[in-house]
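K.L.:
Output the structure for:
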Amino acid sequence: MTEAWEQWEDPRRVLARHGERPSKRFSQNFLVTESVVERIAVAVAPTAGERVIEIGPGAGTLTAALLRRGAVVEAIEKDPRMRAILTDELAASGRFSLVAEDATAMDVAELAGGTPAVLVGNLPYAITGIIFRRLVEGFASVDRAVFMTQREVRDRILAEPGTKAYGPLSVFVGVAFEAEKILDVGPGAFFPPPKVRSAVFRLRPRAEPLIDPNDATFTTTVRAAFGQRRKTLRNALRSVAGGDQAMADLGIDSRRRGETLALEEIVALARRIAQIESA
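P.N.:
Prediction:
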């Protein structure tokens, strides 16, 4: 007999079978378009037996697509109703387990367990910021990650210096990862339809990070430079010891604003500030 996970099934049918509905509390919008689910699974590209950590699997639609490709899926799901559905629907695969409840508290390095992790997830907007903070904290333990977020978040991550979308998220993710667009997804692909457009993108670690994104001086420099976007660097870095000297040493015009700095310039600035502080 064919198991439920072995073929596509609309998550609305799965929810109905278990007498459940999407929860506003958990910001649930279930992906109901098969072609989009398949595109995400293709972007993850798991090899047979490869471990994939899925954040927020919901009713298990993408999870099943990954299992059909031979992945071993370890899921992080907070909603106890979905945890029950996932166990009931996917346990028979022998390659599915629930490993944690709260993705906002996840330790990527611990979850990876010494082997670079593959991560995937349709991330609720409310927790997107903290998820990327956890990802950056554990960047050295990531093999690749495929996420669906609000399109605005994707655009911020891929933003170029000097654009409105460019900011701390662009910088912290950009120094450690290379980002690639996969596809845009309209509200009609979900149940219930969200009020915003979504996007899928893939992150791969740089061969060599430009700097450890968790470096204390780097973090301080980025926060200061982008803290008030209308401020010039001279004013923005006033609270950072060595900021003026570092800009002078590097030939960075202090009349510029933080959002005009390329990743390499921010990294050089932070490193020079650290040298001045330790002198």
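
K.L.:
got the contact list for the residue nearest to the spatial centre of the chain?
P.N.:
Per C-alpha atoms, centre = their mean, the C-alpha nearest to the average position across the chain is that of F132, at 4.7 Å. Residues near F132 by C-beta atoms under 8 Å, 6 or more residues apart in numbering: I157, L169, F172, V173. Where C-beta positions appear, they are placed from N, C-alpha and C, glycine not excepted.

K.L.:
secondary structure element for F132?
P.N.:
Using DSSP states H and E, the element containing F132 is helix 125-137.

K.L.:
So for that helix, what gets flagged as buried?
P.N.:
I127, T128, I131, F132, R134, L135, V136, E137 (16 or more other C-beta atoms under 10 Å).

K.L.:
Throw these into a markdown table and include pLDDT and distance to V72, thanks.
P.N.:
Below are the buried residues of helix 125-137 laid out as a markdown table (pLDDT from 0 to 100; distance: C-beta to C-beta, whole Å):
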| residue | pLDDT | distance to V72 |
| --- | --- | --- |
| I127 | 92 | 25 |
| T128 | 94 | 26 |
| I131 | 96 | 22 |
| F132 | 97 | 25 |
| R134 | 97 | 21 |
| L135 | 97 | 21 |
| V136 | 97 | 25 |
| E137 | 96 | 24 |
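
K.L.:
Can you add distance to A268 and give those back as TSV?
P.N.:
Below are the buried residues of helix 125-137 laid out as TSV (distance: C-beta to C-beta, whole Å):
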residue	distance to A268
I127	33
T128	29
I131	29
F132	24
R134	27
L135	24
V136	20
E137	23
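
K.L.:
So which of the residues you listed is the closest to L269?
P.N.:
V136 (18.7 Å; C-beta to C-beta).

K.L.:
For that closest one, which residues are in contact?
P.N.:
Here V136 is in contact with F172, V173, A176, P213, N214 (C-beta under 8 Å, 6+ apart).

K.L.:
Need the max-distance pair from the residues you listed.
P.N.:
V173 and N214 (12.4 Å).

K.L.:
More neighbours: these two, which one.
P.N.:
V173 (20 against 15; other C-beta atoms under 10 Å).

K.L.:
pretty sure that one contacts A179?
P.N.:
Yes: with contact defined as C-beta atoms under 8 Å, V173 reaches A179; the gap is 6.9 Å.

K.L.:
re the thing from before, show me how to select, in ChimeraX, the buried members of the contacts of F132.
P.N.:
To isolate the buried members of the contacts of F132 in ChimeraX, using 16+ other C-beta under 10 Å:
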select :157,169,172,173
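
K.L.:
Give me the subset of the contacts of F132 that lies in helices.
P.N.:
Among the contacts of F132, the members falling in helices (DSSP state H) are I157, L169, F172, V173.

K.L.:
Can you lay out those residues as a markdown table showing distance to A274 and pLDDT?
P.N.:
Output for the ones in helices among the contacts of F132, formatted as a markdown table (distance: C-beta to C-beta, whole Å; pLDDT from 0 to 100):
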| residue | distance to A274 | pLDDT |
| --- | --- | --- |
| I157 | 26 | 98 |
| L169 | 22 | 97 |
| F172 | 17 | 98 |
| V173 | 21 | 98 |
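
K.L.:
Would you point out the most distant pair within those?
P.N.:
Farthest pair in the ones in helices among the contacts of F132 (C-beta to C-beta) is I157 and F172. Separation: 9.5 Å.

K.L.:
before we move on, back to that, which among the buried residues of helix 125-137 gets closest to L233?
P.N.:
V136 (23.2 Å).

K.L.:
other SSEs contacting the strand or helix carrying D249?
P.N.:
Element membership of D249, judged by DSSP H and E, is helix 243-250. Counting contacts by 3 or more C-beta pairs under 8 Å, 6 or more residues apart in numbering; DSSP states H and E, helix 243-250 packs against helix 233-236, helix 263-278.
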